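Student: Here is the input, now give the coordinates:
(chains A, B, C and D)
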Number of protein chains: 2
Amino acid sequence: MQRRNTNQRKLIYEVLKNTNIHPTADWIYEQVRKEISNISLGTVYRNLKVLKEEGKILEINDGKQSRFDARTDKHFHFKCTSCAGIYDIDKEGIIEINDAKLAQMGYFVQDLDVVFVGICYKCKTGEN
Amino acid sequence: MQRRNTNQRKLIYEVLKNTNIHPTADWIYEQVRKEISNISLGTVYRNLKVLKEEGKILEINDGKQSRFDARTDKHFHFKCTSCAGIYDIDKEGIIEINDAKLAQMGYFVQDLDVVFVGICYKCKTGEN
DNA sequence: CTATGTGCAAAGTGTTTGCAAATTT
DNA sequence: AAATTTGCAAACACTTTGCACATAG
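Tutor: The predicted structure follows:
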């Protein structure tokens, strides 16, 4: 399939690249609406799906809603139980995995989803 | 709130304890229906919520559906991309986490969700 | 007896889709 | 010109909820 580079698609991707809050489709829709006021939510969903297929963005499953992330290099997430914020955690030096043991058990790991759950600095110190 | 031990609740919990497939609410509903034929899906959802509040079961978020797990001790999951099965992975000797570094970064970790994604033995060897 | 739980059906929420018109290439 | 994409609204899938009746304690 020969993809087109529509304004809608470009802008949706731009909006997502310029935030680090891992937004929902609805949040992206509201942002994009500021520029393309008659865009529909369906178009946002369709383009997020396309961008995901192209490997340009990731879908994060957070409860019943999907969130999206334009950062596609391998990294982890931290979810604050107080403010519900999702933060990026660089991979390096955080986790060590025993792949050999997993393979021995019959699980051939290709990917890894890690979500740390806890309290972020702001919430802990009452800065909010 | 003073909880009652209804047949519905007991059976839902039993069904979930006796499987390791991390079923959906609907699967549980179908099983329970074999014994209590007029139970409603709403009752299944309500009781799963109660059991979760009581800490007896866990809710696992898998795409748009919730799955449930009566195993509440700390463990990880492996999700096969081929058969979509979810398997339990014992915690021991699988992962090493640098909590100190995370705390240093301002993330105070209380819990950890890990999902390994890959191919299970059965799918890899074509046993299915 | 009374607070808690149930079955039912309707409503809610996030997401997807069919279609005719519009747009990209 | 042809194929892709759009806006719109309706449809969908999963989950929650209001209510009158039932039941555990």
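Student: Provide the partner residues of residue A:114 in its beta bridges.
Tutor: Beta-bridge partners recorded for residue A:114 (DSSP bridges): residue B:114.
Student: isn't it right up against residue A:76?
Tutor: Yes. Residue A:114 lies in contact with residue A:76 (Cβ atoms under 8 Å); the separation is 4.3 Å. (Glycine included, C-beta is placed from N, CA and C.)
Student: how close does the most centrally placed residue in chain A sit to residue A:28?
Tutor: Residue closest to the mean C-alpha point of chain A, counted by Cα atoms, centre = their mean, is residue A:69 at 2.7 Å. Distance, residue A:69 to residue A:28, using Cβ to Cβ, to the nearest Å: 12 Å.
Student: Next, show the common contact partners of those two.
Tutor: residue A:16 (Cβ atoms under 8 Å, 6 or more residues apart in numbering or on different chains).
Student: and whichever helix in chain A runs longest with chain B, contact?
Tutor: Counting by DSSP state H, the longest helix found in chain A is helix A:41-53. No. Counting by Cβ under 8 Å from any Cβ of the partner chain, chain B is not contacted by helix A:41-53; separation bottoms out at 12.8 Å.
Student: Also stretch A:4-23?
Tutor: No. Applying Cβ under 8 Å from any Cβ, one finds stretch A:4-23 separated from chain B by no less than 14.6 Å.
Student: So, low pLDDT: which residues of chain A?
Tutor: A:127-128 (pLDDT under 70).
Student: For it, which segments are assigned as helices?
Tutor: Along chain A, the stretches classed as helices by DSSP H are A:7-17, A:25-33, A:41-53, A:99-104, A:121-124.
Student: Would you mind listing the residues in contact with residue A:27?
Tutor: Residues near residue A:27 by Cβ under 8 Å, 6+ apart: residue A:21.
Student: What of the one 3 residues further on?
Tutor: Residue A:30 is in contact with no residue at all, counting by Cβ under 8 Å, 6+ apart.
Student: Repeat the analysis, applying 10 Å as the threshold.
Tutor: A:15, A:23-24, A:41, A:44 (Cβ atoms under 10 Å, 6 or more residues apart in numbering or on different chains).
Student: Give me the buried entries from the residues you listed.
Tutor: A:15, A:23, A:44 (16 or more other Cβ atoms under 10 Å in any protein chain shown).
Student: Can you report phi and psi for the second one?
Tutor: Recorded main-chain torsions at residue A:23 are phi -70, psi 170, according to degrees, to the nearest 10.
Student: unless I'm mixing things up, it is touching residue A:85, no?
Tutor: No. Using Cβ atoms under 10 Å, residue A:23 makes no contact with residue A:85, being 11.4 Å away.
Student: For DNA strand C, give me its nearest residue in chain A.
Tutor: residue A:42 (2.8 Å; Cβ to the nearest atom of the strand).
Student: list the contacts for that residue?
Tutor: By Cβ under 10 Å, 6+ apart, the residues touching residue A:42 are A:25, A:29.
Student: now stretch A:20-40: how far from the chain's centre is it?
Tutor: 15 Å (Cα atoms, centre = their mean, to the nearest Å).
Student: May I see the buried residues of it?
Tutor: Buried, per 16+ other Cβ under 10 Å, within stretch A:20-40: A:22-23, A:25, A:27-29, A:31-32, A:39.
Student: repeat for stretch A:71-80
Tutor: So, applying 16+ other Cβ under 10 Å, buried residues of stretch A:71-80: A:76-80.
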